[in-house]
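> Let's see this in three dimensions:
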Amino acid sequence: MTTMLDSPVPRVVDALRGERRARPRADHQSAGGLRALLEDGVFAVLGSVRPDTPLVVRANSLRQSPFTTDVTQSPLGPLRGTLIGELLRLLSVGMHIDDPFNDALLAWRAQSPSAEMADQFARLDSDELARLTTDVNAHFVTLRRALGPVPGQWLPRSALRVSQHLAGGDVVLRDHLDLMFGSTTTELASVTLLDLTSSPLGEHVERAMRYHALIQTLRTSTVPLRTAAFSTATGELWTRDVDSELLTRGVDDVIEAIGLAWATR
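The predicted structure follows:
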């Protein structure tokens with residue numbers, strides 16, 4: 001489902017959670033079969049050869065496409081996306097934000113950013129810094145208007161870093177979830193995943209959405225209810241109910257990424 005959130009209603013959180021009566025029963029059975037498909041796919045790629053260092057797949061591995069033009073190719077794109085992610089984290093716990101850029105910057109620095117990203121920020125000239133500040137402030141307006149209040153009883157968790165190992169550790173699947181709601185212990189499916197981007201949505205985002213759902217299923221042995229992506233560039237929200245077809249396509253995406261990583265070693 002695609003929704004343009006250019007007004008306060010509907011809200012992102014409402015679209016993610018949906019109607020309780022429409023939720024399916026929680027699926028605790030599919031994870032084992034998905035893992036088996038992945039292990040078979042890894043063997044088809046690697047055979048009996050063991051790489052010297054693990055092959056690593058990330059959501060960004062699936063976002064890359066030679067046919068996709070992404071504004072995050074700009075040097076300021078990754079910094080903008082990172083700072084918007086920090087603002088989402090602050091909003092999800094009910095923080096009041098008066099100065100989006102500086103509040104995001106303080107929160108980011110408190111997270112001990114990577115040396116590469118910190119160096120990239122330090123090398124910005126005055127014009128680039130002004131442009132980044134304007135961009136972050138503008139994207140925050142879209143985010144705050146569209147997100148809506150996040151109820152604490154929905155168990156919001158932000159900036160989650162998770163990993164899964166395949167083939168005895170020869171392949172590592174890493175993921176970063178911007179925001180997750182819900183519990184894996186409820187009778188009905190309730191876990192929802194949100195991928196935030198400061199770029200327009202495209203096919204590459206669909207692959208990332210499937211990846212998030214797959215990794216969450218493998219990690220918890222419970223299929224999430226819904227996976228979604230929101231663009232602060234356009235105000236567009238994509239939501240996908242997680243089913244066996246979506247997860248199987250996610251497996252295919254991962255195996256393709258593993259094959260590419262192995263072929264380019």
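> Determine the number of other residues adjacent to residue 17.
Residues contacting residue 17 under the criterion other Cβ atoms under 10 Å number 18. (C-beta placed from N, C-alpha, C; glycine too.)
> How about residue 193?
For residue 193, the count of nearby residues is 26 (other Cβ under 10 Å).
> Packing partners of the host helix or strand of it?
Assigned by DSSP states H and E, residue 193 belongs to strand 192-197. The contact analysis (3 or more Cβ pairs under 8 Å, 6 or more residues apart in numbering; DSSP states H and E) places strand 192-197 against helix 12-17, helix 77-92, strand 171-181, helix 203-220, strand 226-231.
> Work out the sheet partners of the third one and label each with its direction, please.
Using DSSP bridges, the strands paired with strand 171-181 in its sheet are strand 55-57 (parallel), strand 157-166 (antiparallel), strand 192-197 (antiparallel).
> Also the last one?
Partner strands and pairing direction for strand 226-231 (DSSP bridges) are strand 192-197 (parallel), strand 236-241 (antiparallel).
> Give me the angle between the last one and helix 203-220.
Relative orientation of strand 236-241 versus helix 203-220 (axes from the mean of the first three to the mean of the last three Cα atoms, to 10 degrees): 40 degrees.
> likewise the first one?
Relative orientation of strand 192-197 versus helix 203-220 (the same axes, to 10 degrees): 140 degrees.
> May I have strand 192-197 exported as PDB, CA atoms only?
What follows is strand 192-197, C-alpha atoms only, in PDB (Å, rounded to 0.1, in the frame of the first residue of the first chain):
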ATOM      1  CA  THR A 192       5.700  -3.600  12.600                       C
ATOM      2  CA  LEU A 193       9.000  -2.300  11.100                       C
ATOM      3  CA  LEU A 194       9.700   1.100   9.700                       C
ATOM      4  CA  ASP A 195      12.600   2.100   7.400                       C
ATOM      5  CA  LEU A 196      13.100   5.800   7.300                       C
ATOM      6  CA  THR A 197      14.800   7.500   4.300                       C
END
